[in-house]
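S.K.: Fold the following.
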Amino acid sequence: MSILTTYHPNFCAECGEKIVRLRWHVWTSGRFCDACGPSFRKERRLQSSLAVGILLSLGFITGRALKPTPASLIIQRSAGVAPLASVSPAASQLSSAQPPAVSEEVYICGARTKKGTPCSRRVHGLVRCWQHKGSRAMLPPDKLIVKE
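M.R.: Prediction:
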């Protein structure tokens, strides 16, 4: 007898009826006859789905446990904005150690739109926005400066 052969019973474990099968398959129950087998399918499916659920849960828990902790969030604010009360002391020390941000003048694009009004997109310097590159401004340069 070969080591790879599996056990095939001659009688049903539930009713004791003789089991006669021409071929034994993985999906046929080896312990029960054709009449008793369907009553135990629900139990086998429940066991296999429970095993799959446990394996998935263990994988999820293991993945969460091995996940590295994210870096702490540090919010940098400009000198003109008052700090919030909930900012950590380490973050406030970092922001106080850095030099205050240089305020640049902010301009608007000012090019003529399809509507006929000047474009109100903010740009850095006396240039046009991405949509109006190459166009001229409708307003004089002193009117393009945004005053905050």
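S.K.: Worst mean pLDDT across the helices and strands of this structure, which element?
M.R.: helix 89-97 (a mean of 54; mean pLDDT, DSSP states H and E).
S.K.: C-terminal to that one, what's the next element?
M.R.: strand 106-108 (DSSP states H and E).
S.K.: Could I get the buried residue list for that next one?
M.R.: Using 16 or more other C-beta atoms under 10 Å as the test for burial, strand 106-108 gives 107-108. Backbone N, C-alpha and C define where each C-beta goes, glycine included.
S.K.: what's the answer for stretch 118-137, then?
M.R.: 118-119, 121, 123, 128-129, 132, 137.
S.K.: Closest to E43 out of these?
M.R.: Within the buried residues of stretch 118-137, the smallest distance to E43 is 67.8 Å, found for R121 (C-beta to C-beta).
S.K.: Wait, the closest one touches A111, no?
M.R.: No - at 9.0 Å, R121 does not count as touching A111 under the criterion of C-beta atoms under 8 Å.
S.K.: Quick check: neighbours shared by these two?
M.R.: Common contact partners of R121 and A111 (C-beta atoms under 8 Å, 6 or more residues apart in numbering): C129.
S.K.: Run a quick neighbour tally on the spatially closest residue to E17 that is not a sequence neighbour.
M.R.: In space, and not counting its chain neighbours, E17 is closest to C33: 4.9 Å by C-beta to C-beta, 6 or more residues apart in numbering. Other residues near C33 number 19, with proximity taken as other C-beta atoms under 10 Å.
S.K.: rewinding a little: just the ones in strands from the buried residues of stretch 118-137, please.
M.R.: V123 (DSSP state E).
S.K.: any chance of the buried residues of stretch 118-137 in TSV, plus distance to L66 and pLDDT?
M.R.: As requested, the buried residues of stretch 118-137 are arranged in TSV below (distance: C-beta to C-beta, whole Å; pLDDT from 0 to 100):
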residue	distance to L66	pLDDT
P118	56	93
C119	51	93
R121	46	93
V123	47	92
R128	51	92
C129	46	93
H132	51	93
A137	57	89
